[in-house]
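Engineer: Here is my input; please provide its structure:
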Amino acid sequence: MVADPDSIKTLPRLKISLRPTAESIVRGGHPWIYSDSIRSQNREGEAGELAVIYDRRDKFLAVGFFDPDSPLRVRILHVGKPATLDEAWWQARLDEALGHRETIADARTSGLRLINGESDGWPGLVLDRYDTTLVLKLYTPAWLSRLTMLERMITATLQPERLILRLSRNLQVKAAAQECPGDGQILYGPTLEGVVTFLESGLHFEADVLHGQKTGFFLDQRENRRRVEGFARGADVLNAFSFTGGFSLYAARGGAKSVTDLDISAHALAAAARNFSLNLANPQVAACEHRTIQADAFKWLEKASPSQFDVVVMDPPSLAKRETERSGAIQAYTKLNANGIRLLKPGGVLVAASCSAHVSTEEFFGAVRLAANKSGRRFDELDTTRHAPDHHASFPEAHYLKCLYLRVF
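Structural biologist: Presented below is the predicted three-dimensional model:
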């Protein structure tokens, strides 16, 4: 059950004390409290109500969203001195998040992340902009009872054409039970048929904001796409796990001779073709041969002939969605990138990316380097990258994105 803020006013404040180690972690700024870190609480809590955390001296430590149905029991909102978490408090936090992004959007980029969850002080909430359409994605039930406030604040501050709600899978059933708006519902603005389009670095892309993965597009790879453009002149490029062809379009504009999108999804490949069509006014894009291969990328990469490509982009979906999958994911990354290296011509560039939060940066880079060492080929490391500025990560579990660039001889 999701708490109605009015219904809990008559209940005593939900008071929680922590085990000593967890207390120190919260003081250090970590935004999560797990159930096994709680030493005591004064009553049963409801999903979405505010839990007040006290230290061992019974003094205020922090306040956060409570969720009795999740091992992640409290998402911290504020640490330090007591504060009133009213709409003015949230408005100040929204203004702060937007202020950090003032230099990212410009006339050539109208797609970016405006709020990045806990790292911006909005736990379990993401807000993405696609030109005049905003997409609000929620991952915790605490926000369901606060949707009216969110809609009012976001639309008044940003004045979008429309605001669309997306819900994580675990929230969709809870939202329906509470008669809350559902996944893909427009909270504000006109109806929408199909996709919206936006600009990224001067390129046009479509985003399936109503039904697509995440909020409709993978905005987090913008900086890496820009780097790939710089490697692409005269190249034959393979974009494995291509989705809607973001890396491919940048490579085409960078002067690639050909780009090949490899993905298991016919729907994604069709979207990639449409994205190319949106940019045919660019002579480099128009001159580039765009190929698509619908296949299981893991299997196709194993069987493909060697030394075909000058650039291979290896950007699979998360291979470790939980900690128990970490070991297998590391092995899979080694194998995938070994096959990517095998497909490179001498002097070619491997762009190896991972979005698996359960695989650390060191583990992922180690897997790619192991694949390169086992190949028997000489290689140089050109660059490593982490999160884009609008996807900044403020605590260890938020660090999911990493990318390693190798030139292989």
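Engineer: mind giving me the domain ranges of the protein?
Structural biologist: 14-79, 87-196, 218-408 (automatic domain parsing).
Engineer: would JSON lines of the ones you listed with mean neighbour count be doable?
Structural biologist: The way it works is simple: take the backbone N, C-alpha and C, and place the C-beta from them, glycine included. Shown next, in JSON lines, are those (neighbours: other CB atoms under 10 Å):
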{"stretch": "domain 14-79", "mean neighbour count": "17"}
{"stretch": "domain 87-196", "mean neighbour count": "17"}
{"stretch": "domain 218-408", "mean neighbour count": "19"}
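Engineer: so which of those domains gets nearest residue 202?
Structural biologist: domain 87-196 (4.3 Å; CB to CB).
Engineer: next structured bit after whichever helix in the chain runs longest?
Structural biologist: The longest helix of the chain (DSSP state H) is helix 326-342. Per DSSP states H and E, the first helix or strand lying C-terminal to helix 326-342 is strand 344-354.
Engineer: re the thing from before, would you put the C-alpha positions of the longest helix of the chain in CSV?
Structural biologist: Output of helix 326-342 as CSV, limited to C-alpha atoms (Å, rounded to 0.1, in the frame of the first residue of the first chain):
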residue,chain,number,x,y,z
ARG,A,326,28.5,-10.6,-11.7
SER,A,327,31.0,-13.5,-12.3
GLY,A,328,29.2,-14.7,-15.4
ALA,A,329,29.0,-11.2,-16.8
ILE,A,330,32.8,-10.6,-16.5
GLN,A,331,33.4,-13.8,-18.5
ALA,A,332,30.8,-12.7,-21.1
TYR,A,333,32.5,-9.3,-21.4
THR,A,334,35.8,-11.0,-22.0
LYS,A,335,34.4,-13.2,-24.7
LEU,A,336,32.4,-10.5,-26.4
ASN,A,337,35.4,-8.2,-26.6
ALA,A,338,37.7,-10.9,-27.8
ASN,A,339,35.3,-11.4,-30.7
GLY,A,340,35.2,-7.7,-31.3
ILE,A,341,39.0,-7.6,-31.5
ARG,A,342,39.0,-10.5,-33.9
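Engineer: ok, back up a step: ok, which of the domains of the chain comes nearest residue 209?
Structural biologist: Nearest of these (CB to CB): domain 87-196, 5.0 Å.
Engineer: ends of that closest one, how far apart?
Structural biologist: In domain 87-196, first residue to last residue: 30 Å (CA to CA, to the nearest Å).
Engineer: what about that domain, average pLDDT?
Structural biologist: Domain 87-196 carries an average pLDDT of 96.
Engineer: So what's the gap between that domain and the chain middle?
Structural biologist: Distance of domain 87-196 from its chain centroid, counting by CA atoms, centre = their mean, to the nearest Å, is 14 Å.
Engineer: Please, where are all the helices along the chain?
Structural biologist: 20-27, 87-99, 147-158, 169-177, 222-231, 246-253, 266-278, 283-287, 297-303, 326-342, 361-374.
Engineer: which stretch in those helices has the least confidence?
Structural biologist: Looking at the helices of the chain, the bottom one is helix 169-177 with a mean of 91.
Engineer: Distance to residue 60 added to the helices of the chain, as TSV?
Structural biologist: As requested, the helices of the chain are exported to TSV (distance: least, CB to CB, whole Å):
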stretch	distance to residue 60
helix 20-27	12
helix 87-99	15
helix 147-158	24
helix 169-177	30
helix 222-231	40
helix 246-253	46
helix 266-278	49
helix 283-287	57
helix 297-303	51
helix 326-342	37
helix 361-374	35
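Engineer: do you know which of these lies nearest residue 50?
Structural biologist: Here helix 87-99 is closest among those (CB to CB), at 11.9 Å.
Engineer: Hey, what's the angle from that closest one to helix 147-158? Just curious.
Structural biologist: 50 degrees (axes from the mean of the first three to the mean of the last three CA atoms, to 10 degrees).
Engineer: which outside residues touch helix 87-99?
Structural biologist: 83, 114-116, 120-122, 149, 153-154, 157-158 (CB atoms under 8 Å, 6 or more residues apart in numbering).
Engineer: Skipping adjacent residues, who's closest to residue 279 in space?
Structural biologist: Leaving out its chain neighbours, the residue that sits closest to residue 279 by CB to CB, 6 or more residues apart in numbering is residue 285, at 4.6 Å.
Engineer: picking up where we left off before, list just the one of the domains of the chain that sits closest to residue 204.
Structural biologist: Nearest of those (CB to CB): domain 218-408, 4.0 Å.
Engineer: Contacts only, for residue 85.
Structural biologist: Counted by CB under 8 Å, 6+ apart, residue 85 has contacts 50, 63, 77-78.
Engineer: now, among the residues you listed, which is nearest to residue 407?
Structural biologist: Nearest to residue 407 among the contacts of residue 85, with distances taken as CB to CB, is residue 77, at 45.5 Å.
Engineer: what about the closest residue in space to residue 167 that isn't next to it in sequence, distance to residue 138?
Structural biologist: Spatial nearest neighbour of residue 167, chain neighbours left out: residue 183 (4.3 Å); criterion: CB to CB, 6+ apart. Distance of residue 183 to residue 138, computed by CB to CB, to the nearest Å: 9 Å.
Engineer: Enumerate every residue touching residue 209.
Structural biologist: With CB under 8 Å, 6+ apart, residue 209 has these contacts: 130, 133, 135, 164, 166, 192, 195-196, 215-216.
Engineer: In strands only, show me these.
Structural biologist: Secondary structure defined by DSSP state E assigns 130, 133, 135, 164, 166, 196 of the contacts of residue 209 to strands.
Engineer: so which pair among the residues you listed is furthest apart in space?
Structural biologist: 166 and 196 (13.3 Å).
Engineer: Quick check: residue 46 touching residue 65?
Structural biologist: No. Between residue 46 and residue 65 there is no contact under CB atoms under 8 Å: 10.8 Å.
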